[in-house]
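K.L.:
Got a predicted model here, sequence first, then my questions.
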Amino acid sequence: MVDKPFAEYAQRNAAPILEVLRHELRGHADVLEIGSGTGQHAIRFAAKLTHVQWQTSDLDENHEGIRSWIAEAGLPNVHGPLALDVTSAGVSDNSYDAIYSSNTAHIMGPNAVVAMFGLVGRALRRDGRFLLYGPFRRAGQFNTQSNAEFDANLRSRDPSMGIRDLDELDKLGAENGLRRINLYAVPSNNLVAVWQKTQGSAQ
C-alpha cells in the first residue's frame, strides 16, 4: 500500500463543504465526484452522508492514492475511481442524482470547462444537482484581492487556466439543461455553486 497523498486545503475546507452537502444532497443518493484528487473529500463526505453512494473519479495517475484512502476507510458507500477526463469521458446518460467537483474549473482550460458542463448535463437525472466548489468571479469581478492575485498566478503558469466567471458558467449550465439554484459562501473566499437539471431538458 502506498503512503496516502495528503492535501492540507482538502482537510481545511471539508467541514464547511460538508454542511452544504448535507442540505443539498437530501434525497440524492448516487453521487459522482469529478476530480477526486487525493481522495480525502470522498472519504470524509461518504462517512458522514451514509445515504449516499459516492463514486470517485480522476485521471489514471491519481487512482493509486485515492484507492489507498478508500482501502483504509473501509466504507461500503464509497467506490474506487473511474478513469475520467472530462474532455473524453463516456459517462452514461441519466446515471447520477448529483455530481460534485472541487477546485477543478480554474485549473481546467476553457474547453474542458465546457466539456465538464456537457458531461454533467448528460449524466444527471432530472432534478439532479451539480455542486461546484472553488473561487469564482461574478460579473467579471473578483471578490477579494487574494483571488485576483491567485488568478494572475494561474495564468502566468498556463494562460488557459484562471478563475471562472459565474455568469459564464450559468450560460454553460443553461445550454446543458442546468439552472443555478443556490450559492454558498464558504472559507476562504470560495463558493459552492449549485445547479439543478431542469425538467424537460435535452438528454
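P.N.:
Arrived safely, thanks for sending. Residues are numbered from 1 along each chain as shown.
K.L.:
pull the CA atoms of the helix or strand harbouring residue 154 into PDB?
P.N.:
Secondary structure from DSSP states H and E places residue 154 in helix 145-157. Output of helix 145-157 as PDB, limited to C-alpha atoms (Å, rounded to 0.1, in the frame of the first residue of the first chain):
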ATOM      1  CA  GLN A 145      -7.600  40.900  -3.900                       C
ATOM      2  CA  SER A 146      -6.100  37.500  -2.900                       C
ATOM      3  CA  ASN A 147      -8.300  35.800  -5.600                       C
ATOM      4  CA  ALA A 148      -7.200  38.300  -8.200                       C
ATOM      5  CA  GLU A 149      -3.600  37.500  -7.300                       C
ATOM      6  CA  PHE A 150      -4.300  33.800  -7.400                       C
ATOM      7  CA  ASP A 151      -5.900  34.200 -10.900                       C
ATOM      8  CA  ALA A 152      -2.800  36.100 -12.100                       C
ATOM      9  CA  ASN A 153      -0.600  33.400 -10.700                       C
ATOM     10  CA  LEU A 154      -2.600  30.700 -12.500                       C
ATOM     11  CA  ARG A 155      -2.500  32.500 -15.800                       C
ATOM     12  CA  SER A 156       1.300  33.100 -15.500                       C
ATOM     13  CA  ARG A 157       1.700  29.300 -15.200                       C
END
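K.L.:
Show the average pLDDT along that helix.
P.N.:
What helix 145-157 shows for mean pLDDT is 96.
K.L.:
same deal with stretch 82-96?
P.N.:
91.
K.L.:
could I get that stretch in PDB with only the CA atoms?
P.N.:
What follows is stretch 82-96, C-alpha atoms only, in PDB (Å, rounded to 0.1, in the frame of the first residue of the first chain):
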ATOM      1  CA  LEU A  82     -13.400   5.800 -12.600                       C
ATOM      2  CA  ALA A  83     -10.900   6.900 -15.200                       C
ATOM      3  CA  LEU A  84     -12.400  10.200 -16.100                       C
ATOM      4  CA  ASP A  85     -11.100  13.000 -18.300                       C
ATOM      5  CA  VAL A  86     -14.000  15.400 -18.900                       C
ATOM      6  CA  THR A  87     -12.900  16.100 -22.500                       C
ATOM      7  CA  SER A  88     -13.300  12.400 -23.500                       C
ATOM      8  CA  ALA A  89     -15.400  10.700 -20.800                       C
ATOM      9  CA  GLY A  90     -18.200   8.400 -21.700                       C
ATOM     10  CA  VAL A  91     -20.400   8.600 -18.700                       C
ATOM     11  CA  SER A  92     -23.900   7.000 -19.100                       C
ATOM     12  CA  ASP A  93     -26.800   9.400 -19.500                       C
ATOM     13  CA  ASN A  94     -29.100   9.900 -16.600                       C
ATOM     14  CA  SER A  95     -26.900   7.900 -14.300                       C
ATOM     15  CA  TYR A  96     -26.400  10.100 -11.200                       C
END
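K.L.:
mind listing the strands for this structure?
P.N.:
Applying DSSP state E to the chain gives strands spanning 30-34, 53-58, 78-83, 96-102, 124-134, 137-138, 141-142, 178-186, 190-197.
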